[in-house]
Structure formats: C-alpha cells, structure tokens
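Asks: this one's structure only:
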DNA sequence: AAACTTGGTTTCAAATTAAAACCACGTTAG
DNA sequence: CTAACGTGGTTTTAATTTGAAACCAAGTTT
C-alpha cells in the first residue's frame, strides 16, 4: 500500500491523497465515521468486511493522520476511531462522490438516500466550481499551472 | 473488480460509484484525460503503470461509461480514449481531492501545481457545501435521510 | 469458573497486480 | 520487397493483496 511512488519521483497533488485513501474500503469507512460510527465492531457490521482488512485499513488511516484512536467514550476498555481535522477535510470529496453517484448510478426515479441540511431538511446544493470572482467554471475553463522554479517567486 | 456487493444487497450512493472508480489508477487516468491525454501510450507514459493494468483500467472505465473509445483524430489507425458526460461529471470530485491534497499533503511553503481559471489565471475558489438557501454547511450541519418507502411518495 | 463479548492477529487459499515477454498491425527505411 | 520500428495491446508468470475462517487475549457476565 505504500510503494506506489510512480516513475516521477515526487507525487502530484492528486496522487498523494490517493495514496492515503485510494482503495475501495477507506472512503466507506470514512463515510461511516461521518455518520457517527466509532467502534471497530460498528464499522465491521456496517461494511461487512473481513476483520483483518478493517484492521489494516484503520491502521492505515491512523498512520496517515486521517483518523485517530481515542479511549472509549463510554466506560468500556476499548478504543474508538474518530476523524481528525484532516479526515474531516474529506467531507467535500464525499459529497462530490455522492452527487456524482446520484447523477449517474441511479435510474431517474430510483429512490436513494439524500444529504440534507440538518436545519431545514432540504437537500443540500450541488457542489459547484467557481472562479475567484464567482463565475461558475466547467472543467474546460480551468488549467493546471506549475509553480515557478524556486528563486523566481517574489 | 465487480463482485463487491456487500452484505447489504443494494449498494449505497457512495459505494456504487466506488465500484467504478475505486482503485488507485482510475482517478489518475481520468485526471490525465481532463488534462487532454487521449492515447494509450500517453497515459502509460504519464502514469508509468504496466500496460496490462492500463488496458484493464481503460476497459473498466469504458465498461462503466466513464470513457469512450473513438477513432483517432489524427490519421493514425488507432483509437483514442475520451471522457463521456459521466466521466466529465467527475470533475468536482477531482477538484475536491486536489484541494484536500493541497491542504494536508504539502508543507506550508512547498510548491505544488494549482488549478486556475483559464481566463484570469487566478486560482479557483474552494469548493464549499451550501444549503438550499445558500448558507455554508459543515459536515455536522447535514444528515442523510432515507427515501420514504414506495407508495408513500406523492 | 465457564461462557460470552469485543477487538483484534494469524493462517492459508484465492484473486489481483505487476513486470516482462510476446505479438499483430501498420508505417518507415533500405 | 523486406527488414526494422512504433503503437497498442495480450499472455505468462511471479509477487502482493485480499478475504474467510480460525484462533486468541482481555475484560464481563452468569
């Protein structure tokens, strides 16, 4: 899980994150964490994956600073897994994934769970990419630029 | 790659998409496609992955309707791989991944590539989740709701 | 003290991934 | 015409990962 440093030595801004969460289960674990699950057993029951795999994934997430272990909140002698700030930073990604799923993986009238504003119970807005000045941007309206070589930055 | 139907029979709005793009390489291929790459060889050179794996991934992406093959645009007798509408729908997710990467995978002053508005060359805005009425929402301000059972929807 | 629960680790078979060799087709060079 | 070459793969084979199931340890309940 660690040695995917591609031929280009330093990994780019997309590849680096993927190294931390780029497998099937990790994002599902994180989603469950956002839904309030904290205990090993809860994750396992919710996801139905083998315990050794869950164990490895949680260890990996903790190693990457995405989750953290804390002593159990109730009296029990076990630990719980909670999202760090870094982990919570994945919320928009999860929303993007969900919205894409809604758009393309469900029949027009197929029912599916919805993410709603807790206060109003209304569905959240669609994520949209905007320019600095607020214009909406499509993929074609953007470019990737590489940073100027060191020494040339003011 | 197909048989991950978890214990719960029908997969949720997060798991379904992950079945299509939930591996390390697929998203990198898609990002390269957004960057304008189209040919087998271009992807392989850019990503440095084994040809059989690239072949399998492209086949999978095409099978999921995320990419499509078209006859080569120049005269060459080969085909090219282009993003479908569904594939282009992944742009926000890619932006989310990139922004998260920038936030947590680079040192404060470490240079990294940036996504900018093609027109102004200014960095794009941060993706933000907003309520129906435009309020910004944090993860804790949202809930997942399940659709009402069939027959109870007006 | 026997059984049970929780949270794992170990073992081992099966599936996936990766590297490398091979191959087919069309183009270019001699 | 034929040999070498570039592109876009497939096949073969070995290494790595995954997953199911068994096992285990510590603490709790009966």
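Replies: Structure's in. What do you need? If you're wondering where the values come from, they're calculated on a predicted model, not measured in any experiment. Residues are numbered from 1 along each chain as shown, chains lettered A, B, ... in the order given.

Asks: Next one: the closest residue to residue A:139 other than its chain neighbours from residue A:70, what distance?
Replies: In space, not counting the residues next to it along the chain, residue A:139 is nearest to residue B:91; the distance is 4.3 Å by Cβ to Cβ, 6 or more residues apart in numbering or on different chains. Where C-beta positions appear, they are placed from N, C-alpha and C, glycine not excepted. Separation of residue B:91 from residue A:70 (Cβ to Cβ, to the nearest Å) stands at 36 Å.

Asks: ok, back up a step: wait, the residue nearest to residue A:139 touches residue A:127, no?
Replies: No: contact between residue B:91 and residue A:127 fails when scored by Cβ atoms under 8 Å: they sit 10.1 Å apart.

Asks: Validate this expectation: residue A:116 resides in a helix.
Replies: No: secondary structure of residue A:116 (DSSP: H, G, I helix; E, B strand; the rest coil): strand, not part of a helix.

Asks: Specify the beta-bridge partners of it.
Replies: According to DSSP bridges, the partner residues bridging residue A:116 are residue A:123, residue B:143.

Asks: Per-residue pLDDT of it, please?
Replies: Here, the pLDDT recorded for residue A:116 equals 97.

Asks: residues near it, how many?
Replies: Counted by other Cβ atoms under 10 Å in any protein chain shown, the residues lying close to residue A:116 total 19.

Asks: same deal with the one 10 residues further on?
Replies: A total of 13 residues lie near residue A:126 under the criterion other Cβ under 10 Å.

Asks: okay, and the helix or strand of chain A with the least pLDDT?
Replies: Taking mean pLDDT, DSSP states H and E as the measure, the helix or strand of chain A with the lowest value is helix A:15-21, at a mean of 92.

Asks: sorry, back to before: could you check how far the residue nearest to residue A:139 is from residue B:52?
Replies: 28 Å.

Asks: And for residue A:50?
Replies: Taking Cβ to Cβ as the criterion, residue A:50 is separated from residue B:52 by 27 Å.

Asks: which ones are touching the spatially most central residue of chain A?
Replies: Among the residues of chain A, the one closest to the centroid is residue A:90, at 3.8 Å (Cα atoms, centre = their mean). When contacts are counted by Cβ atoms under 8 Å, 6 or more residues apart in numbering or on different chains, residue A:90 is found next to A:21, A:27, A:30, A:66, B:100.

Asks: quick one, strands of chain A?
Replies: A:67-71, A:79-83, A:114-117, A:142-145 (DSSP state E).

Asks: Could you say which one of those strands comes nearest to residue B:12?
Replies: Using Cβ to Cβ as the criterion, the shortest distance between residue B:12 and these is 11.4 Å, found for strand A:114-117.

Asks: Run through the neighbouring helices and strands of that closest one.
Replies: The helices and strands touching strand A:114-117, judged by 3 or more Cβ pairs under 8 Å, 6 or more residues apart in numbering or on different chains; DSSP states H and E, are helix A:91-104, strand B:142-145.

Asks: now with 6 Å?
Replies: Using 3 or more Cβ pairs under 6 Å, 6 or more residues apart in numbering or on different chains; DSSP states H and E as the contact criterion, the secondary-structure elements in contact with strand A:114-117 are strand B:142-145.

Asks: Show the average pLDDT along the strand it packs on.
Replies: 96.
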